[in-house]
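Visitor: Fold the following.
(2 chains)
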Amino acid sequence: MSTAHSLARAVACELAAALPSEVGLGADDIVDLLAKPPKPELGDVAFPCFKLARVLRKAPPKIAAELVPQLQDALSDTSLIAKILATGPYLNFTLDPGRAGALLLPALAGEGSAIDAATQDERLMVEFSQPNTHKALHVGHLRNMCLGDSLVRLLRSQGYPVIAANYFGDVGTHIARCLWWYLDHLSEEQRQPPADNRGEWLGKIYTKAAMALADWEEAGKTDPAAAKRLAEAKARITEILQRLEAREPEITKVWDETKKWSLDDFEEIYRYCDIHFDVRFYESQADEPGLEIVEEFLQKGVFEVSQGAVGIFNPEVKHMPFFMLRKQDGTSLYATKDLALAKLKFDGHNIDRSIYVVDVRQSDHFRHVFLTLEKMGFAQAKACQHVPYEMVELPDGPMGARKGNVVLFRALREQMTARITELHLEKFRGQWSDAEIAQAAHEVALGAIKYGMLARDVNQKIVFDMEAWLDVRGNTGPYLQYVHARACSIIRECAQQSPVVRVEQHTNAAVEACKGLTTLEERELRNALDRFVSTVKVAADELRPSVLCTYLYELSKQFNRFYLACKVKGSPEPLRTGRILLVQATISVLAEGLGLLGIPAPQRM
RNA sequence: GCACCUGUAGCUCAGCUGGAUAGAGCACCGGUCUUCUAAACCGGCGGCCGCAGGUUCGAAUCCUGCCAGGUGCGCCA
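Guide: Prediction:
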C-alpha cells in the first residue's frame, strides 16, 4: 500500500508520530485499526482505543479523553485533522475539507488507474470457464465465467502477471451421447445446423439424448422393451466412444465438425461478455500425456495398483484416501487429465501459482490433485489454489436437463436486453441512433448479469429468478452504471456552461476548491472514495469480487445522496470546481471498479 | 456414517481477523421531478443474528455441543 493519495494512510502517519511513544503503534498498525464512525456527524475517521488499554493500563474511554489535548498539541498546523472528538472509547477525527480534498480528489480524478501497485514477481494462471463442447451454456456456467474473469482483472490490478486460461471438455461420454443421437436419430436433413448459434443447437441435441436415456432408464425398471432399448443405446454409445478414442477417421471428422460449432458459439459468447483468454487447453490434449504420467509414476512407486485400477493413496483426505488415476480398463479419468494439464501449465507456461475456478463440489478432487502433484515433485503444487463457488439454482431447485428447467445464457441475454430497451431506452429513440441504443442495452444487460453473478459471496448459492433479475432497480449492476452515467452527465452539462479546469494534487487551487466541501453528503462521498484502493486489495487478496461489489454499491448510494443534496452546475466558484472534482473522482473510481468486475461503464444510459 | 458449506427482517442477502444504537435490496404503506438523467432520493413497517452452553470488560462475529438445509464421498466429468 504505497498509495500517495490515501487519506486513511495520511491520518495514520500523523497519528503514529503524534501518539505517545509508549503506545508502540506504527502507521501500518494504525491504518488497520482505523474505522468508519457509525454516524458521519461524529467525524470522518475513527480510532478505537481498546488496543491501548493494555499498554497504558487505563480504561479506553479515559484514554480517548486524555489523548484529545495531547494530540491537539502534537499535530502540526498543516495537519489533515481539523477536529478531534472523544466519544466513549473512540477518538473521532474530522478532516480539514480543503487539505483532505486536495490530497485525494485530484489524484483519483486524473487519468490512469487509482491503484499504483508494484509489479509482482509471482506469475499466476487463472483457469476458468471450462465448458463442455456439445453442450449449451446456461446461467450456471455464467457464474464461473464472471468470477474467473473478475479474478483475472483484480489480480492484474495488483501487479501480478496473470495468464487467463480456459480448458475445454472436448472428450468423454457426453460427446458420445450427443453424437449417438446426432448420427442415429436425426435424418440427413435434420443434421444440418442453423446459420447461427450452432453450439446451442448441438447442445439441445445432447439434451435430447440425455433425456431419452433417463426416460428409458426409468421405464426399463418395469418395461423389458425399454430396458432392451436402453442396453442397445448404451452399447452403441460405448462403441462411439471407443471409436472416438481410437481416432477413427470417419467419426473423428464428425467430432471435429461438431466440436467447432460449439467452440465458435463459446467464442461468440465470450466476445459478447468481454471475456478473454490467453491460453486454451483441451481435454483431448491431456488424455494421452495423462496416461503416460500415470505409467511413469506407477514405475516410480508413487502410484499404486488397487483392485485393478491405478491411483495414489493420500491419507490426508481421511474420508476418501484413494485417488483413482487410471480405470481398471486402462482408460483415463478427469483426474488423469488434470495431472497432465498441471504439468503443461507448470512446464509450458512457467507459472508460480495456479488458480482453479471450479464449483465447490470439486473440493475433494482438487485436494487430491494438489497433494498428488506435490508427491510427484512439483514445487508449484503448494501454490495451487482451488476457488470453490456455490451453485446456481432455480426457484424450483437445481437445474437439470431431466427437469427441463435449464435457463440458457442466450435466453437470459435476449430477455434482459429486450426488457432494458423497452423500459429505459425507448425514450431516447429518435434522439440516439438505433446502434447507440443497442450498444447501451448490451452494456446494461451485461452489467445486470455480471453484477448479479458477482455480488453474492462465493459460498452462497445463487437462486436464479428471471423476473427478479430483469428488475434493474436497487442493488444491481445497472444502479452502479446509472450513477456513472449521471456523473458523466454532470460534467457534460458543466462543461457547456463554462470550462472545467483541471486541478492538480496538493496545489493551493485544489485546497481552495475543496474548502467548501463541508456538507455531510460531500464528506461522506469523499470518505467513500478514499476506501476504493484498499477495498480492491482485499477483494484481490481474498479472491472475492463480491467485496468490491458491496463497496461500489455503497459508493453509488453515497453519490446519489450527494447528487440530490448538492448542485454542481451553477454553484459559485471555487465550490463548483470542488464539486466537479468529487464528480470526476467518482466517475474514475466507478469506471475502474466496474472494469475490475468486467462491467462496462456507459457514459449515458 | 465421514468431510465441507449454509442458517441474520415476509423474501434475497451484507456485516464474521470480537468493539459505538445489527445494515441493504425486494415486497408493503406514505412523501419528493418548471434547474446537472426519478434506472433516483427521503420517511414508515419489519430482527430471541437457528438453539444451548462457554471464553471476554464486551459475541451476529471466537470455542464446544445440538438442530435444520445443501453438497461431496473408486472406476462420470
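Visitor: going forward, measure contacts and count neighbours with C-alpha atoms only.
Guide: Fine.
Visitor: as a whole number, average confidence for stretch A:503-513?
Guide: Across stretch A:503-513, pLDDT averages out at 94.
Visitor: and A:Asp29, how many residues sit next to it?
Guide: When neighbours are counted by other C-alpha atoms under 10 Å, A:Asp29 registers 12.
Visitor: Could you name the specific helix or strand carrying it?
Guide: helix A:27-33 (DSSP states H and E).
Visitor: Same check on A:Ala448?
Guide: helix A:434-454.
Visitor: touching RNA strand B at all, the helix or strand following that helix?
Guide: As assigned by DSSP H and E, the chain's next helix or strand after helix A:434-454 is strand A:462-463. Yes: using C-alpha under 7 Å from any atom of the strand, strand A:462-463 comes into contact with RNA strand B via A:Ile462, A:Val463.
Visitor: returning to that earlier point: briefly note if the helix holding A:Ala448 comes near RNA strand B.
Guide: Yes: using C-alpha under 7 Å from any atom of the strand, helix A:434-454 reaches RNA strand B at A:Val444.
Visitor: Go ahead and name everything in contact with that helix.
Guide: By C-alpha atoms under 8 Å, 6 or more residues apart in numbering, the surrounding residues in contact with helix A:434-454 are A:142-143, A:146-147, A:273, A:413, A:416-418, A:420-421, A:425, A:428-429, A:462, A:469-470, A:472, A:476-478, A:481, A:545-546, A:549, A:597-602, A:604-605.
Visitor: Run through chain A and note the low-pLDDT ranges.
Guide: A:1-3 (pLDDT under 70).
Visitor: For the stretch 1-150 of chain A, which segments are assigned as strands?
Guide: A:45-48, A:81-87, A:90-95, A:124-127 (DSSP state E, counting those that start in this stretch).
Visitor: okay, these in TSV with mean neighbour count and distance to RNA strand B next?
Guide: Listed next are those as TSV, based on neighbours: other C-alpha atoms under 10 Å; distance: least, C-alpha to the nearest atom of the strand, whole Å:
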stretch	mean neighbour count	distance to RNA strand B
strand A:45-48	22	4
strand A:81-87	19	5
strand A:90-95	23	5
strand A:124-127	24	15
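Visitor: give me the residue from the stretch 101-250 of chain A nearest RNA strand B.
Guide: A:Gly172 (4.5 Å; C-alpha to the nearest atom of the strand).
Visitor: ok, for that residue, nearest residue in space, not its chain neighbours?
Guide: A:Leu241 (7.3 Å; C-alpha to C-alpha, 6 or more residues apart in numbering).
Visitor: Next up, identify which helix or strand the one you found is on.
Guide: Assigned by DSSP H and E, A:Leu241 falls in helix A:224-245.
Visitor: same thing with A:Gln385?
Guide: In the assignment (DSSP H and E), A:Gln385 maps to strand A:384-389.
Visitor: ok, the next helix-or-strand element following that strand near RNA strand B or not?
Guide: Counting by DSSP H and E, the element after strand A:384-389 in chain order, helix or strand, is strand A:392-394. No: Strand A:392-394 is not in contact with RNA strand B by C-alpha under 7 Å from any atom of the strand; minimum separation 9.2 Å.
Visitor: Quick check: what element follows strand A:392-394 along the chain?
Guide: strand A:397-398.
Visitor: is it true that A:Ala165 lies in a helix?
Guide: No: counting by DSSP: H, G, I helix; E, B strand; the rest coil, A:Ala165 is not part of a helix but strand.
Visitor: Please give me every residue in contact with it.
Guide: A:Ala165 touches A:Met125, A:Val126, A:Glu127, A:Phe128, A:Phe277, A:Asp278, A:Val279, A:Arg280, A:Phe281, counting by C-alpha under 8 Å, 6+ apart.
Visitor: Dig out what the second one forms beta bridges with.
Guide: Going by DSSP bridges, A:Val126 is paired in beta bridges with A:Ala164, A:Ile355.
Visitor: repeat for the last one
Guide: When assigned by DSSP bridges, A:Phe281 has beta-bridge partners A:Tyr167.
Visitor: Can you tell me how far it is from A:Leu241?
Guide: Note on A:Phe281: its distance to A:Leu241, by C-alpha to C-alpha, to the nearest Å, is 21 Å.
Visitor: neighbour-wise, which of these two wins?
Guide: A:Leu241 (22 against 18).
Visitor: Contact partners for that one?
Guide: Contacts of A:Leu241 (C-alpha under 8 Å, 6+ apart): A:Gly172, A:Thr173, A:Ile175, A:Ala176.
Visitor: if I look at the nearest residue to the second one once chain neighbours are set aside, how far off is A:Thr252?
Guide: The shortest distance from A:Thr173 to any residue other than its chain neighbours is 6.6 Å, reached at A:Leu241 (C-alpha to C-alpha, 6+ apart). Per C-alpha to C-alpha, A:Leu241 is found 11 Å from A:Thr252.
Visitor: for A:Arg486, same thing?
Guide: From A:Arg486 to A:Thr252 the distance is 55 Å (C-alpha to C-alpha).
Visitor: Could you check how many residues crowd around whichever residue of the stretch 1-150 of chain A sits closest to RNA strand B?
Guide: The minimum distance from the stretch 1-150 of chain A to RNA strand B, using C-alpha to the nearest atom of the strand, falls at A:Pro37 (3.6 Å). By other C-alpha under 10 Å, 18 other residues sit near A:Pro37.
Visitor: Confirm for me that it is in contact with A:Pro48.
Guide: No: the criterion here is C-alpha atoms under 8 Å, and A:Pro37 misses it with A:Pro48 at 9.9 Å.
Visitor: hmm, the host helix or strand of A:Glu268 in reach of RNA strand B?
Guide: Here A:Glu268 sits within helix A:249-273, counting by DSSP H and E. No: in terms of C-alpha under 7 Å from any atom of the strand, no part of helix A:249-273 sits within range of RNA strand B; the closest distance is 14.3 Å.
Visitor: which secondary structure elements does that helix contact?
Guide: helix A:198-219, helix A:224-245 (3 or more C-alpha pairs under 8 Å, 6 or more residues apart in numbering; DSSP states H and E).
Visitor: could you dump the last one to PDB, C-alpha only?
Guide: Included here for helix A:224-245 are C-alpha records, laid out as PDB according to Å, rounded to 0.1, in the frame of the first residue of the first chain:
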ATOM      1  CA  PRO A 224     -38.500 -55.000 -20.700                       C
ATOM      2  CA  ALA A 225     -38.700 -53.400 -24.100                       C
ATOM      3  CA  ALA A 226     -37.400 -50.100 -22.700                       C
ATOM      4  CA  ALA A 227     -34.700 -52.000 -20.900                       C
ATOM      5  CA  LYS A 228     -33.600 -53.600 -24.100                       C
ATOM      6  CA  ARG A 229     -33.600 -50.200 -25.900                       C
ATOM      7  CA  LEU A 230     -31.500 -48.800 -23.100                       C
ATOM      8  CA  ALA A 231     -29.000 -51.600 -23.300                       C
ATOM      9  CA  GLU A 232     -28.700 -51.200 -27.000                       C
ATOM     10  CA  ALA A 233     -28.200 -47.400 -26.700                       C
ATOM     11  CA  LYS A 234     -25.500 -47.800 -24.100                       C
ATOM     12  CA  ALA A 235     -23.700 -50.400 -26.200                       C
ATOM     13  CA  ARG A 236     -23.800 -48.000 -29.200                       C
ATOM     14  CA  ILE A 237     -22.600 -45.100 -27.100                       C
ATOM     15  CA  THR A 238     -19.700 -47.100 -25.800                       C
ATOM     16  CA  GLU A 239     -18.900 -48.100 -29.400                       C
ATOM     17  CA  ILE A 240     -18.900 -44.400 -30.500                       C
ATOM     18  CA  LEU A 241     -16.700 -43.500 -27.500                       C
ATOM     19  CA  GLN A 242     -14.200 -46.200 -28.300                       C
ATOM     20  CA  ARG A 243     -14.000 -45.200 -32.000                       C
ATOM     21  CA  LEU A 244     -13.600 -41.600 -30.900                       C
ATOM     22  CA  GLU A 245     -10.700 -42.500 -28.600                       C
END
